[in-house]
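Undergrad: Fold the stuff below for me.
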Amino acid sequence: MTLEEVSAKIKTCAQSMNARYGGIVFDEWAVVSLAENKARVLFYTGPRNDEFLQNFVKDLGPLRTELTSVNYGTGDFEFSRHGTGTRLEGFLVIGSGLYLVCNNTQNTMDAITKNPRWLEAQVAFVELAEAVRANPLAVSWDTKIFTKP
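TA: Residues are numbered from 1 along each chain as shown. Got it, this is the predicted structure:
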């Protein structure tokens, strides 16, 4: 899958999750590369475009341990109940060294999951996970990497 294709799928997933949930689940979505121990933002949509990469390592918080200590495969994901504010609350492996990270900058994951519609909203996220499992993101590093507002 190309970056453009996965970006379109992310937007569709976000819209579907919000519709099923009855509100905004995640207001921040980013595709990041952690290859070569270097964080690169390939796609971003959310309220803090300029600050996202600058604060990425700090905001990864509790999910950092998960990313670095567990061997996840493409399509695997994890949510953190301890994310608050700009601390990232979820990730999905979308390719080799490539991750979709999600966050709600206004609400905690604990509060989000208390809404009974959270279970239905997860269906769209799982559909995205299955789509990338079947066709992972492939990035050619000779192409320009960009951040998209």
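
Undergrad: Give me the below-cutoff pLDDT ranges for the chain.
TA: Scanning the chain for pLDDT under 70 picks out the ranges 61-69, 81-87, 141-149.

Undergrad: would you list every one of the strands in it?
TA: Secondary structure of the chain, counting by DSSP state E: strands at 28-33, 40-45, 77-79, 90-95, 98-103.

Undergrad: partners of the fourth one, with directions?
TA: Going back to what we said before, that points to strand 90-95. Take DSSP bridges as the rule and strand 90-95 pairs in its sheet with strand 77-79 (antiparallel), strand 98-103 (antiparallel).

Undergrad: Quick one: work out the angle between it and strand 40-45.
TA: Here strand 90-95 runs at an angle of 120 degrees relative to strand 40-45 (axes from the mean of the first three to the mean of the last three C-alpha atoms, to 10 degrees).

Undergrad: Contacts for strand 90-95, please.
TA: Outside of strand 90-95, the residues within contact range by C-beta atoms under 8 Å, 6 or more residues apart in numbering are 1, 6, 26, 31, 63, 66-67, 72-80, 83, 99-103, 109, 125, 128-129, 132, 136-139. Every C-beta, even on glycine, is put in place using the N, C-alpha and C of the backbone.

Undergrad: quick revisit: quick one, which of the strands of the chain is packed in tightest?
TA: Comparing those by mean neighbour count (mean count of other C-beta atoms under 10 Å), strand 98-103 ranks first with a mean of 26.

Undergrad: That one to strand 28-33, inter-axis angle?
TA: Using the same axes, to 10 degrees: strand 98-103 against strand 28-33 is 160 degrees.

Undergrad: So what's the gap between strand 98-103 and the chain middle?
TA: Relative to its parent chain, strand 98-103 has a centroid offset of 2 Å by C-alpha atoms, centre = their mean, to the nearest Å.

Undergrad: for stretch 12-31, same thing?
TA: With C-alpha atoms, centre = their mean, you get 11 Å for stretch 12-31.
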